[in-house]
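Visitor: Starting from these lines, generate the structure:
(one chain, ligands or ions: 2)
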Amino acid sequence: MLNDPNDTLNPTFHESDDRSEAIVDRVLSRGESRRAKTTLFSEGRAEALQDDRDTSYDFDVDGLQLEREERRSLQFVESLSTELEDVTEVENRQIRLENVVLIGVYPAGSQQDGETSLQELAALCETAGARVLEGLLQRRPYPDPATYLGRGKAGELAEIVAETGADTVVADTELAPSQRRALEDVVKVKVIDRTAVILDIFSQHAKSREGKAQVELAQLSYLLPRLRGWGDSMSRQAGGQVGSAGAGMGSRGPGETKIELDRRRIHTRMAKLRREIAGMKTARDTKRARRDRNAVPAVAIAGYTNAGKSSLLNRITRAGVLVENQLFATLDATVRRTETPDGRPYTMADTVGFVRNLPHQLVEAFRSTLEEVADADVLVHVVDAAHPDPAGQIQTVREVIGEIDSRHIPELIVFNKADLIDRDTEIALRGLEPDAVFVSARTGRGIDELLDRIAELLPIAEIEVDLVVPYDRGDIISMLHDAGGVVRESHEADGTHVRARVHPDQLGSIEPFRVGGKGAPDRRRPDVRHKPNLGAPEPAPRKLELPRREQA
Ligand SMILES: Nc1nc2c(ncn2[C@@H]2O[C@H](COP(=O)(O)OP(=O)(O)OP(=O)(O)O)[C@@H](O)[C@H]2O)c(=O)[nH]1
Ligand SMILES: [Mg+2]
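Guide: Residues are numbered from 1 along each chain as shown. Ligands and ions are numbered 1, 2, ... in the order given. Sure thing, here's the model as predicted:
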């Protein structure tokens, strides 16, 4: 398993062949030895995110909410078991608490973008369980092919790392294996990239069998070209800080040993995972086909990570999906059934959030989960209205939607967290997306309007009816044929027996001839509507103050 806390891979790697073999075994036997995770500490972790610990919602939650407790307990190390093994584990966690320095490169004119991206990287690192000490941005037309930062700046970075006692450097874009090694040689601590951090979060959070398989597949395909060197550059630095810090974020992978053998085994493992995922996809397809037969339209909630997708699903359907002020709280699609204000049923799916520079390995691995989006009749695209760069988020999400060939699906932009923005921001956002709905999953504002808008966009489900039409009503038969909905037709003594799918508007004219059928809509208005939450006071929005050294 790649995030096994017991995988203190790098430093001791060269010491014993037996040990290195055991490590590869563990990497490849994911799930069999699933142990406590390495989410490390609680204090300070939420700095990069808005504080929501006092949040209260006016609806109940179900068992899924327990997952939140489970995650918290991992962070707080709740019960110190008397078992020696566990105590050692706690000590390990403290030793391995990662202190990271972030680095990014931005071209002239996109400083704001570079900063937003670095702040997001800070949030990602905190979500992965690290503590962010410094952020360092360098203005360059493009990253240095050798060391990412320019030579001189890399030297300054080495000083900062030494000063702050950081044990890991995280680069904001994907590093080539050679860049990573060269930079490690300069700064003398572990260097990882944004992709590794995202993969690490996914591996900590994956819950379903399919999710775990997808993440492992993504991790292996990320590791494959990087096998050479994971242990290598570390062992060249005996006595460096890495040695005592052990493996942590982004390095929960195999070290360099018997690389060819490993490579072959990894390929075999990946093939097996692909087969497994394909198998699970079949099961899901069957489920979806059943849903299609019942002609229940599907709505998918898509959007940037932390936009409030799960909160919105909870608000609308009381699904009790885990809501966390974390990036990638949701990795599995949750589907809930609900209905329009006039009683038409539809399903609503919560999906994994998107992020800028989403590792392509993940898009590939999560393709089957993302089909929940691809197969939807309507996309509810949730955007965090209070985010500094909503336009950038919308663009990122639309790019991924394009990658999974879903541009044609009607999209409803929903600005969530409307409770956090002022009038001017709202006007600006309306300018950006004139047809958008403004809602707050927290206060309930706009939810009724959202439900009405979804209802308008849903395809009208046709209804299957059985009719016996007397021979003097040829007009009815031709109307059914014109609409193209005739399934079966036979001429009997009492008239034409027809099974046909009709639009709800046609029901009136055919009603006298109905002899059965299914799927007639229930036109009762649901007696519970979604009331606004007048409860808890809203915490003031918090902005990340990331320590930053500007280097132009
Ligand atoms: N103030 C405010 N906060 C909100 C609102 N909706 C969600 N949040 C908060 O935003 C954070 C993220 O919410 P989630 O529902 O987990 O977001 P998500 O889009 O499902 O995130 P991922 O699953 O991580 O991609 C949580 O801290 C929520 O409490 C809102 O309308 N107003
Ligand atoms: Mg979510």
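Visitor: Could you pull out the helices in the stretch 101-250 of the chain for me?
Guide: In the stretch 101-250 of the chain, the helices defined using DSSP state H, counting those that start in this stretch lie at 111-128, 151-164, 177-187, 194-205, 209-223, 232-235, 241-245.
Visitor: which parts of the stretch 1-150 of the chain sit against ligand 2?
Guide: Residues of the stretch 1-150 of the chain lying near ligand 2 by Cβ under 5 Å from the ion: none. Yep, even glycine has a C-beta here, placed from its N, CA and C like the rest.
Visitor: Where does the prediction get shaky in the stretch 1-150 of the chain?
Guide: 1-97 (pLDDT under 70).
Visitor: ok, 50 please
Guide: Applying pLDDT under 50 to the stretch 1-150 of the chain picks out residues 1-96.
Visitor: Just give the nearest non-adjacent residue to the closest residue to ligand 2 within the stretch 401-550 of the chain, would you?
Guide: Residue nearest to ligand 2 within the stretch 401-550 of the chain: residue 441 (10.9 Å; Cβ to the ion). Once flanking residues are discounted, residue 441 sits nearest to residue 311: 3.7 Å by Cβ to Cβ, 6 or more residues apart in numbering.
Visitor: As CSV, could you dump the C-alpha coordinates of the helix or strand where that neighbour lies?
Guide: Assigned by DSSP states H and E, residue 311 belongs to helix 309-317. The C-alpha atoms that make up helix 309-317 are tabulated as CSV, following Å, rounded to 0.1, in the frame of the first residue of the first chain:
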residue,chain,number,x,y,z
LYS,A,309,-21.4,19.9,-3.8
SER,A,310,-22.0,17.4,-1.0
SER,A,311,-23.5,20.2,1.2
LEU,A,312,-25.9,20.9,-1.6
LEU,A,313,-26.9,17.3,-2.1
ASN,A,314,-27.4,17.0,1.6
ARG,A,315,-29.5,20.1,1.6
ILE,A,316,-31.7,18.9,-1.2
THR,A,317,-32.0,15.2,-0.4
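Visitor: For residue 266, find the nearest of the helices of the stretch 101-250 of the chain.
Guide: helix 209-223 (5.3 Å; Cβ to Cβ).
Visitor: Is the closest one positioned near ligand 2?
Guide: No. Counting by Cβ under 5 Å from the ion, ligand 2 has no neighbours in helix 209-223; the shortest distance is 12.8 Å.
Visitor: Wait, residue 217 touches residue 271, no?
Guide: No. Proximity of residue 217 to residue 271 does not meet the contact threshold set by Cβ atoms under 8 Å, at 9.9 Å.
Visitor: Looking at these two now, which is surrounded by more residues?
Guide: Higher neighbour count among residue 217 and residue 271: residue 217, with 23 against 11, using other Cβ atoms under 10 Å.
Visitor: That one and residue 404, how far apart?
Guide: Residue 217 is 17 Å from residue 404, where distance means Cβ to Cβ, to the nearest Å.
Visitor: before we move on, what about residue 367?
Guide: Note on residue 367: its distance to residue 404, by Cβ to Cβ, is 7 Å.
Visitor: And residue 458, by the same measure?
Guide: According to Cβ to Cβ, residue 458 stands 21 Å off from residue 404.
Visitor: who's more crowded, the two?
Guide: Set residue 458 next to residue 404 and count neighbours by other Cβ under 10 Å: residue 458 wins out with 19 against 15.
Visitor: What are the structural domain limits within the protein?
Guide: Per the record, the chain has its domains at 9-48+75-274, 294-457, 463-518, by automatic domain parsing.
Visitor: Dump the ones you listed to JSON lines, plus distance to residue 283.
Guide: Converted to JSON lines, the domains of the chain look like this (distance: least, Cβ to Cβ, whole Å):
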{"stretch": "domain 9-48+75-274", "distance to residue 283": "9"}
{"stretch": "domain 294-457", "distance to residue 283": "11"}
{"stretch": "domain 463-518", "distance to residue 283": "26"}
